[in-house]
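**Student:** Pasting the sequence and the predicted coordinates here, then a few questions.
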Amino acid sequence: MELRAHLGKVRGLGSNNSGSKHWWSQRVSGIALIPLTLWFLMSIINIFNADLAAFKDWINYKANAALLSLLITFMFYHGFLGLQVIIEDYIHQERVKISILLICRFIIISFGTYSIFSIMKLTFGG
Amino acid sequence: MASQKRPLSPHIQIYKPQITSVLSITHRLTGVALLFAALLLSSWVISATYGNDAFNQTQNILSSWLGILILIGLTVSIFYHLGNGIRHLFWDFGKGFELKDVKRSGLVVILFTLIMSIITWFIIFNTLTKSLWN
């Protein structure tokens, strides 16, 4: 049953019922990031200051390319969910809030897509 | 909107900083820092597709003193956010809400952050000096 008035609904007032999904997504992506981050830190120690050839060797070794893709995906996803909460907490003007959220989403999706594309390029040649 | 001019309750500057509140805002700050780390990580990977010169340039920036300073800050942020994130997961299961436990787990997170960051950079500097000698 819907208890909201039609006018309130049109104006976007009240809950839009996506809060618990956000909450769960943040936890699940956070848990996924624990092993991925530890794996990355252990790897980065070996390729810190490496040249391109060494970096390509590393990314082509076993599951490294897949793990790096997962790390970047989850980092941006988890990061966006967190940033979204901060923006919603501190910015109260609806237009400004939605604009900033869209800009952040755009930047994050662009960087994420470009990174995954780059990893594929480094792995499959080119 | 009418709600804009309502009176506000006493705001943050009126409260004394405590371990609970300071650690809470640090979680957010390190989270934002780590989003920049994600941008840095993806730029690093992207630069590898632009050939030797581009990748070397990125590596030189990252291993300059300023780059290392930023990377140390980000490493501290990673371990803090990781440790405190696990602390949050315990809270999500309803555990550790007593003030005594909250303070103790906060201290554990601070110690974890310091120890892990020092170990990580000890290993990195160790391998760096080795590669300089060989």
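**Tutor:** Here it is on my side, so go on.
**Student:** how close does the residue most central in space within chain B sit to chain A?
**Tutor:** Closest residue to the average C-alpha location of chain B: B:S77 at 1.1 Å, with C-alpha atoms, centre = their mean. Per C-beta to the nearest C-beta, to the nearest Å, B:S77 is found 11 Å from chain A. All C-beta spots, glycine's among them, are computed from the backbone N, C-alpha and C.
**Student:** What residues of the helix or strand where A:V96 lies count as buried?
**Tutor:** Per DSSP states H and E, A:V96 falls inside helix A:94-124. For helix A:94-124, burial by neighbour count (16 or more other C-beta atoms under 10 Å in any protein chain shown) applies to A:100-101, A:104, A:108, A:111-112, A:114-116, A:118-119, A:122-123.
**Student:** what number of residues lie near A:L71?
**Tutor:** The tally of other residues near A:L71 (other C-beta atoms under 10 Å in any protein chain shown) stands at 21.
**Student:** How about it: what's its closest non-neighbour residue?
**Tutor:** A:L36 (4.4 Å; C-beta to C-beta, 6 or more residues apart in numbering or on different chains).
**Student:** Run through the chain and note the low-pLDDT ranges.
**Tutor:** Picking chain A for this. Low-confidence segments of chain A (pLDDT under 70): A:1-2, A:12, A:16, A:126.
**Student:** other chain: chain B
**Tutor:** Filtered on pLDDT under 70, chain B yields the residue ranges B:1-4, B:131-134.
**Student:** how about the residues of it near chain A?
**Tutor:** Contact residues, chain B versus chain A (C-beta under 8 Å from any C-beta of the partner chain): B:4, B:28, B:31-32, B:34-35, B:37-39, B:41-43, B:45-46, B:48-49, B:51-52, B:55-56, B:59, B:63, B:75, B:78, B:82, B:85-86, B:89, B:92, B:120, B:123-124, B:127-128, B:131.
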